[in-house]
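Engineer: Provide a 3D model corresponding to the input given below.
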Amino acid sequence: MVKYAGGAFIPTIELDRKSPGSLSAQLVSGLRRLILSGHLAVGQRLPSSRTLAHDQGVSRITVVTAYEQLTSEGLIASRVGAGTYVSVALDIDRPLPAPKSFSGLSGAAAPRLARLSVDASEQYFPRLSHPEAPCAFVTGMSANDQFPMALWARLSAQYWRQPRNLVLGYPPAEGLYSLRRAITMHLQANRGISCSPEDVFIFNGAQHAFNRIGQTLLNPGDKVWIENPGAIGARNSLISSGADLVPVPVDDEGIDVAEGLRLSPDFRLAFVTPARQHPLGVTMSPGRRFELLGAADRCGAWVIEDDYDGEFHYSGHPAATLKSVDTSDRVIYVGTFSKVMFAALRLGYVVAPPALAQIFRRVAGATMQGSPASMQAIMASFIEQGHFTTHIRRMRRIYAERQKTLSDAAGRHLKGLLEVAPTTTGFQTVGRLAPDFNDLEVVARAAKHGIVLSPISRFAIAPVERGLILGFSAVPPAAIETAVEKLGRLLRTMVVEKQQALA
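Structural biologist: Numbers count the residues shown, from 1 in each chain. This is a model prediction of the structure:
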């Protein structure tokens, strides 16, 4: 540090005069960093308040206030008639910044992690990121433009007008009874699941539920069947529990149970999306369902059924849940409101088999897993007053229109380039590229044109067919039409470029 007659020369500290934080607080922060980093040495004299005020372009009272704060923290000390100095107390066991490694982490102070965390973090699959505003063809997003905000706000206001003791305390760890009862009634009427509120547990979204299931049932190294391709969030949650994932292929009937038994006959858990396989969109056939349940029963294994968008079917009757035909109580049913309602709600639930309900309740009570009581109570009112059923029916019509728009537009603009599979369920569909296209290249170039696509390979552990996932739920028909036309122009341009390269 350069010295001069007025004390140590302190470089200009960047002060944001538009910041809500006071200038003295910002000055304190800057001086604190200089002291703790060692740039201002122990015992070094600081400039007078008048000199520092001049150098930093602030008032003297700002500097005096900052010096008083640093004095109270023990970082500086004043000597009568001699000025202000960096406190000598800092010379005792003061930790200095360690050198940075290329990764940005401090090599000398690298955090010591649990072995399970280290192993899991190395296996995690990157989650798909969502844009700030919905756009074509983002996946897994509901139609935010159609959500009944005024109704939700009214129910919210009604909740907060209740007596304080009812709304400000801890909710039950397993979830509010009113919401668990409402879920039970809905599942019995619409998904064919016979259960009681005591079987239902509320979580902060489906992924939280997967994580808790894995922690409860798995030991590190236990074999877990996972659909390939399959859901990334569930996969990462199970990896966190130490699972040894076994990628099981999916065909037109769903997960290939025979191949799963060949790969890992001693599996402990299987994760499936039977109503609408994610991301391929196939529905598990009745025969394959009974085959899976039989295998689980014989092996003493459990099956997680993720019914993430089973509410949305656009013709005929919805596919039955696996839970509704499970006579051996091997299925752990997981549902979520994040897709039906809105993502920020972060409410999921589990319907546990009787053999697991008691341990789930005990673990919930010990860890206080409860979601915010306000969201639970408002959601319960939304269901009990009939708004949930009305909302689902309305959204089915909207999503059906958006799916038809995608299918019709693809027929006009993507013929011979991208074969978009028809679908009567869910939020998304599969597009199979012509052989000459590289799916990753298409995804990258589409992103430069504001089009969000996801390659099927993004969801896979073992190699799978190449293709794209196109979501149609998040944006209105006009935006879908425009995006399909733009994608068609891009693909035709790529064809011409390849032809020119070969010429």
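Engineer: mind showing which ranges of the chain have poor pLDDT?
Structural biologist: 1-6, 92-132, 316, 368-369 (pLDDT under 70).
Engineer: quick one: buried residues of the lengthiest strand in the chain?
Structural biologist: Criterion DSSP state E: the longest strand present in the chain is strand 244-251. By neighbour count with 16 or more other Cβ atoms under 10 Å, strand 244-251 contains the buried residues L245, V246, P247, V248, P249, V250. C-beta coordinates here come from the backbone N, C-alpha and C atoms, glycine included.
Engineer: Identify the farthest-apart pair in the residues you listed.
Structural biologist: L245 and V250 (14.5 Å; Cβ to Cβ).
Engineer: picking up where we left off before, so how far is the longest strand of the chain off the chain centroid?
Structural biologist: On the basis of Cα atoms, centre = their mean, to the nearest Å, strand 244-251 sits 22 Å off its chain's mean C-alpha point.
Engineer: re the thing from before, could you dump the buried residues of strand 244-251 into TSV and include distance to A479?
Structural biologist: TSV is the format used below for the buried residues of strand 244-251 (distance: Cβ to Cβ, whole Å):
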residue	distance to A479
L245	37
V246	40
P247	35
V248	36
P249	35
V250	30
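Engineer: Following element in sequence after the one helix or strand E419 maps to, please.
Structural biologist: Element membership for E419, per DSSP states H and E: strand 418-420. Sequence order places strand 428-433 as the next helix or strand after strand 418-420, per DSSP H and E.
Engineer: CA atoms only: put the very next helix or strand once past that following strand into CSV for me.
Structural biologist: Scanning forward in sequence from strand 428-433 by DSSP H and E, the next helix or strand is helix 439-447. This file holds the C-alpha atoms of helix 439-447, laid out as CSV (Å, rounded to 0.1, in the frame of the first residue of the first chain):
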residue,chain,number,x,y,z
ASP,A,439,-30.4,-32.5,-33.7
LEU,A,440,-27.9,-30.6,-31.6
GLU,A,441,-27.0,-28.3,-34.5
VAL,A,442,-30.7,-27.6,-35.1
VAL,A,443,-31.3,-26.8,-31.4
ALA,A,444,-28.3,-24.4,-31.3
ARG,A,445,-29.3,-22.6,-34.5
ALA,A,446,-32.9,-22.4,-33.6
ALA,A,447,-32.0,-20.7,-30.3
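Engineer: what helix or strand is A270 on?
Structural biologist: Per DSSP H and E: strand 269-272 holds A270.
Engineer: Quick check: buried residues in the helix or strand that comes right after that strand?
Structural biologist: Remark: after strand 269-272, the chain's next helix or strand is helix 286-299, criterion DSSP H and E. Buried residues in helix 286-299, defined by neighbour count with 16+ other Cβ under 10 Å: R288, R289, E291, L292, L293, A295, A296, C299.
Engineer: How about residues contacting helix 286-299?
Structural biologist: 253-255, 257-258, 260-261, 265-267, 270, 272, 274, 284, 301-303, 322, 325-328, 330-331 (Cβ atoms under 8 Å, 6 or more residues apart in numbering).
Engineer: Could you figure out how far the following helix or strand past it is turned away from helix 286-299?
Structural biologist: Using DSSP H and E, the next helix or strand after helix 286-299 towards the C-terminus is strand 302-306. Counting by axes from the mean of the first three to the mean of the last three Cα atoms, to 10 degrees, strand 302-306 points 140 degrees away from the direction of helix 286-299.
Engineer: Also compute the angle for the following helix or strand past strand 302-306 relative to helix 286-299, please.
Structural biologist: Using DSSP H and E, the next helix or strand after strand 302-306 towards the C-terminus is strand 331-336. Orientation check (the same axes, to 10 degrees): strand 331-336 against helix 286-299 gives 120 degrees.
Engineer: on that earlier part again, counting contacts, what elements does the longest strand of the chain pack onto?
Structural biologist: strand 223-228, helix 232-240, helix 257-263 (3 or more Cβ pairs under 8 Å, 6 or more residues apart in numbering; DSSP states H and E).
Engineer: Dump that strand to PDB, keeping only the CA atoms.
Structural biologist: In PDB, the C-alpha atoms belonging to strand 244-251 read as follows (Å, rounded to 0.1, in the frame of the first residue of the first chain):
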ATOM      1  CA  ASP A 244     -27.400 -46.800  -9.200                       C
ATOM      2  CA  LEU A 245     -29.500 -45.900 -12.200                       C
ATOM      3  CA  VAL A 246     -30.300 -48.600 -14.700                       C
ATOM      4  CA  PRO A 247     -31.500 -47.000 -18.000                       C
ATOM      5  CA  VAL A 248     -34.400 -49.200 -19.400                       C
ATOM      6  CA  PRO A 249     -35.500 -48.500 -23.000                       C
ATOM      7  CA  VAL A 250     -39.000 -47.400 -23.800                       C
ATOM      8  CA  ASP A 251     -41.000 -48.700 -26.800                       C
END
